[in-house]
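1. no letters, just coordinates:
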Ligand SMILES: C[S@@+](CC[C@H](N)C(=O)[O-])C[C@H]1O[C@@H](n2cnc3c(N)ncnc32)[C@H](O)[C@@H]1O
């Protein structure tokens, strides 16, 4: 009986660990805060700040210290990261947080959360959007188009990593993370996707004015 119980216990542990490891599709990326973003936010003092892709919350935490008193924050990432950063923000005394987590399914992202926000808001709500998540054309190109619908005139969109490629990534590059080679063509892996989004979607949109080169754009209309 004792052996059966032990076997049952071990089997449960095995399935629990398999379930957890299957869920986390992507490797963890740990980042320090983005000082250009933080310095710019100090100047423009947005009331509603949104961050897409949080990692351990370094930038979100720095931003929370310098936002105006009545400011709100919208945060987006995988469920567990969003909960972790929400808790860190609470611990730091910032509690006006709207947290939007998504699953680790390969085709899931903050774009789904943006759809649920668009369902609830017919007018723009963000003063500042920092897009620093997936960094790929198909996810972040669409994210920009959705964020545009929710960004107030006068608001800012901020991109990280103009020159980033999957090929050069130490976490998502195909040598480190073979799934990348299944998901993307070699051309897509070599292409600077954020550059394509900025060059083709943002710079060609007359509603946007470049404020910080290759990074921060103001929506003027
Ligand atoms: C570069 S890190 C963000 C760093 C953070 N903005 C900072 O400055 O401290 C990228 C983040 O994007 C998130 N991300 C990537 N793909 C995603 C997806 N499909 N859905 C939700 N979050 C995603 C990752 O989990 C990771 O936390």
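-> Good, I have the coordinates. As the structure is a prediction and not an experimental result, all values here were calculated from the model.
2. do you know how far the most centrally placed residue in the chain is from the ligand?
-> Geometric centre of the chain, nearest residue: residue 53, 1.9 Å, by CA atoms, centre = their mean. Residue 53 is 3 Å from the ligand, where distance means CB to the nearest ligand atom, to the nearest Å. Where you see a C-beta, it was placed from the backbone N, CA and C, and this is true even at glycine.
3. quick one: residue 41 and residue 128 touch, right?
-> Yes. Between residue 41 and residue 128 there is a contact at 6.6 Å, judged by CB atoms under 8 Å.
4. now the common contact residues for these two.
-> Listed contacts common to residue 41 and residue 128 are residue 49; contacts here mean CB atoms under 8 Å, 6 or more residues apart in numbering.
5. follow-up on the earlier one: need the per-residue pLDDT for the residue nearest to the centre of the chain.
-> On pLDDT, residue 53 comes in at 98.
6. kindly report the same for the one 4 residues further on.
-> Confidence per residue is given as pLDDT, and for residue 57 that number is 98.
7. skipping adjacent residues, who's closest to it in space?
-> Counting by CB to CB, 6 or more residues apart in numbering, residue 57 lies nearest to residue 85, which is 3.6 Å off, once chain neighbours are set aside.
8. do residue 197 as well
-> residue 141 (5.1 Å).
9. which residues touch that neighbour?
-> The contact partners of residue 141, by CB under 8 Å, 6+ apart, come to 193, 196, 197, 201.
10. pull out the buried positions in the lengthiest strand in the chain.
-> Longest strand in the chain, counting residues (DSSP state E): strand 151-159. The neighbour-count check on strand 151-159 (16 or more other CB atoms under 10 Å) flags 151, 152, 155, 156, 157, 158, 159 as buried.
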